[in-house]
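In: give me a model of this one.
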Amino acid sequence: MQRTTPPSSTWARRLAPALLLTLASAATFAAPAESPVEADWILAKIARPAPARTPFVEVRGSKLLKAPLRLTGEYRRPDADTLVREVRSPYAETTTLRAGEATIERAGQPPRRFSLSRVPELAGLQNSFGALLGGDHAAIEAHYRLQADGTRQRWTLTMTPKDAALASKVQAIVLNGRGSELRCIQTRAAGNGDTQRTLLAGAAQEAAKAADAAALVALCEGAPAR
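Out: You can find the predicted model right below:
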């Protein structure tokens, strides 16, 4: 089996949203008007059993890019131990996380594989988001400080890493949603201030109507596409 040198810390920031991907659902919970939101309520609503799949639009912003890079594709969770991220545009690439290993495949190239144990911050993210998918609130709170804001109709959950190694790479992971639908994941990098946004489910479908970066940011944070 071919193995490559472990990826840079940018892999942790790129794959963190992938580990949350299948929490998204097209269904929306009918909550009472202006009900205040709590972290436990959000975590209970977004937990999703396998199998699950959802479209995504990923927007990568960087001071080095003139315009944000927009990727489209689909996330799949065929079983409780496997996560698949399939990029379809502007290039084709499939990343599979299974049994403590990541496999990256591109057409015409041999698969690249590496053990998640060789990237401690990414292994920690995988464990934490496994707890999210399983609705294990205690395990989630052991790794992150949680702050819920908004109402049950439109909410934000900010997850701040407690582990120093992870916090050196990721400042915070912010989940945006409506009812039981997780619509966007914002991963804020430590140090350079770059933010990666992954729009899911209904928000990913609406992203086709977003004309520019500002519209995508607004859509991620809950505003309709314009």
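In: quick one: average pLDDT of the lengthiest strand in the chain?
Out: The longest strand of the chain (DSSP state E) is strand 69-79. For strand 69-79, the mean pLDDT works out to 89.
In: tell me the bridge partners for Leu71.
Out: Per DSSP bridges, the residues bridged to Leu71 are Glu58.
In: restricting to C-alpha, output the helix or strand following the longest strand of the chain in CSV.
Out: Note on strand 69-79: by DSSP states H and E, the next helix or strand toward the C-terminus is strand 82-89. What follows is strand 82-89, C-alpha atoms only, in CSV (Å, rounded to 0.1, in the frame of the first residue of the first chain):
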residue,chain,number,x,y,z
THR,A,82,-16.9,5.9,6.8
LEU,A,83,-17.0,9.5,5.5
VAL,A,84,-16.7,10.3,1.8
ARG,A,85,-16.0,13.7,0.3
GLU,A,86,-16.5,13.8,-3.5
VAL,A,87,-15.5,17.0,-5.3
ARG,A,88,-17.0,17.3,-8.8
SER,A,89,-16.1,20.8,-9.8
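In: show me what the longest strand of the chain is packed up against.
Out: The contact analysis (3 or more Cβ pairs under 8 Å, 6 or more residues apart in numbering; DSSP states H and E) places strand 69-79 against strand 52-60, strand 82-89. Quick note: C-beta positions are derived from backbone N, CA and C, even for glycine.
In: partner strands of the helix or strand that the last one is followed by and their direction?
Out: Right, the one you point to is strand 82-89. Going down the chain from strand 82-89, the next helix or strand is strand 93-98, by DSSP H and E. Strand pairing for strand 93-98, determined by DSSP bridges: strand 82-89 (antiparallel), strand 101-105 (antiparallel).
In: quick one: secondary structure of Ala139?
Out: Three-state call for Ala139 (DSSP: H, G, I helix; E, B strand; the rest coil): helix.
In: tell me the pLDDT of it.
Out: 82.
In: go on, Gln2?
Out: Gln2 carries a pLDDT value of 46.
In: swap in Leu216?
Out: Reported pLDDT for Leu216: 84.
In: counting neighbours, what do you get for the nearest residue to it once chain neighbours are set aside?
Out: Nearest-residue entry for Leu216: Ala210, 4.7 Å, with adjacent residues in sequence omitted and distances by Cβ to Cβ, 6 or more residues apart in numbering. For Ala210, the neighbour count with other Cβ atoms under 10 Å is 22.
In: in this structure Thr158 contacts Ala172, no?
Out: Yes. Between Thr158 and Ala172 there is a contact at 5.6 Å, judged by Cβ atoms under 8 Å.
In: what ranges do the strands span in this protein?
Out: 52-60, 69-79, 82-89, 93-98, 101-105, 112-115, 144-150, 155-161, 170-178, 181-189, 195-200.
In: deepest in the core, which of these is it.
Out: Mean neighbour count, computed with mean count of other Cβ atoms under 10 Å, is highest for strand 195-200 among the strands of the chain, reaching a mean of 26.
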